[in-house]
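In: Build me a structure from this.
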Amino acid sequence: RVRGRGRKGWLPAFRDAMLFKTAYAFGLRRNETRMLDTADFGRNPEGAEFGEFGICYVRHGKAKKGSPPKRRSVLTVWEWSAEILDQWTSEVRPAMRHADGPALWPSERGRRVGLQRLDSRFAAYRDDLGLDPVLDFHSLRRSYVTHLIEDGMDPLFV
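Out: Numbering: from 1, shown residues only. I've put the predicted structure just below:
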């Protein structure tokens, strides 16, 4: 909508939408989402339909105190997630000011979107939509797990 009206700020708004959808699509934590690079996706031989976005390689997972970040791979489960990532990386992200860097989510002013920005944008969208104020960024991760279980996914996979 913002882009269609020719308004300034459509790129960050589009980035925010893609970022939140990606966090939900892979059940990512806030910092895991923020720290994604364009190279953190790959093909899954068992999910060829997802193309280059069949696996999300999380390099900055939650660590135990005093330990390095925990790495893990998350398989793509929803077709739409690969589609939005393809659109973001091939069509929209290149128009961002700092698209020359590795960060999947560049900021308008810096190489990578900040944690405070994620919180403030999530809260603004949540409030604009009239959603419960108790919802936070981590609610996307909780919803991911809940929806996979409700859709009949094997709990061991989840």
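In: Which helix runs longest in the chain?
Out: Assignment by DSSP state H gives helix 10-26 as the longest helix of the chain.
In: average pLDDT across the following helix or strand past that one?
Out: Downstream of helix 10-26, the first helix or strand assigned by DSSP states H and E is helix 30-34. Averaging pLDDT along helix 30-34 gives 95.
In: With just CA atoms, put stretch 139-150 into PDB.
Out: The C-alpha trace of stretch 139-150 is given here as PDB (Å, rounded to 0.1, in the frame of the first residue of the first chain):
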ATOM      1  CA  SER A 139       5.100 -14.700  19.800                       C
ATOM      2  CA  LEU A 140       6.000 -15.400  16.200                       C
ATOM      3  CA  ARG A 141       8.200 -18.300  17.400                       C
ATOM      4  CA  ARG A 142       5.500 -19.700  19.700                       C
ATOM      5  CA  SER A 143       3.000 -19.500  16.800                       C
ATOM      6  CA  TYR A 144       5.300 -21.300  14.500                       C
ATOM      7  CA  VAL A 145       5.500 -24.300  16.800                       C
ATOM      8  CA  THR A 146       1.800 -24.200  17.600                       C
ATOM      9  CA  HIS A 147       0.800 -24.100  13.900                       C
ATOM     10  CA  LEU A 148       3.200 -26.900  13.000                       C
ATOM     11  CA  ILE A 149       1.700 -29.200  15.700                       C
ATOM     12  CA  GLU A 150      -1.800 -28.200  14.700                       C
END
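In: distance of the residue sitting nearest the centre point of the chain from H147?
Out: Nearest to the centroid of the C-alpha atoms of the chain, with distances taken as Cα atoms, centre = their mean, sits T22, at 2.8 Å. Distance from T22 to H147, counting by Cβ to Cβ, to the nearest Å: 15 Å. Heads up, the C-betas are built off the backbone N, CA and C, glycines and all.
In: Got the confidence number for the residue sitting furthest away from the middle of the chain?
Out: Most distant from the centre of the chain: G66, at 26.2 Å, with distances by Cα atoms, centre = their mean. pLDDT for G66: 86.
In: The residue nearest to the centre of the chain and D86: what is the separation?
Out: Going from T22 to D86 by Cβ to Cβ gives 12 Å.
In: cool, R30 as well?
Out: From R30 to D86 the distance is 23 Å (Cβ to Cβ).
In: With L156 instead?
Out: 29 Å.
In: So which of those two has more stuff around it?
Out: Neighbour totals were compared for L156 and D86, and D86 leads with 15 against 5 (other Cβ atoms under 10 Å).
In: Nothing else from me, thank you.
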